[in-house]
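A.B. asks: No letters, just coordinates:
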C-alpha cells in the first residue's frame, strides 16, 4: 500500500502544484495497476476535482466530460471553480 499526502485547501488559495502533484501521483499509481483512493474532508470538491483531472488525462477527454463522468458516479461532487481551473491546467499540460 502506498500513502501519498497532498495537502490542499479548497478554493483559490490552493497551490496549483499541490493539485498537479496529487493528479500525477494518482495517475502514476493507476498506470502501475494499483487501486487508488482519493479523499478529502467532505469528498465533494478537492477529491472530485483531482479524480476528474485523472479521468481526463487517462481517458483523453476534456475537463467537463471528465467531471460529468465523476458526477454520474457521485452526484454531490461539486469542485470549487479554482480547482476546476487547476484541473484544466493539468489536463492541458498532460
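C.D. replies: Great, that's in hand. All values derive from a computational prediction rather than experimental measurement.

A.B. asks: So for stretch 36-47, first residue to last residue, what's the gap.
C.D. replies: Terminal residues of stretch 36-47 lie 12 Å apart, using CA to CA, to the nearest Å.

A.B. asks: now what about that stretch, what contacts it?
C.D. replies: Residues from elsewhere that reach stretch 36-47 (CB atoms under 8 Å, 6 or more residues apart in numbering): 8, 10, 14, 22, 26, 29-30, 50-51, 54, 74, 76-80, 83. Yep, even glycine has a C-beta here, placed from its N, CA and C like the rest.

A.B. asks: redo that, cut-off 7 Å
C.D. replies: With contact meaning CB atoms under 7 Å, 6 or more residues apart in numbering, stretch 36-47 is reached by 8, 10, 26, 29-30, 50-51, 76-80, 83.

A.B. asks: same question, stretch 13-32
C.D. replies: Here stretch 13-32 makes contact (CB under 7 Å, 6+ apart) with 2, 4, 6-8, 36, 38, 50, 53-54, 57-58, 82-83, 86, 89-90.

A.B. asks: List buried residues within these.
C.D. replies: 6, 8, 36, 38, 50, 53, 54, 57, 82, 83, 86, 90 (16 or more other CB atoms under 10 Å).
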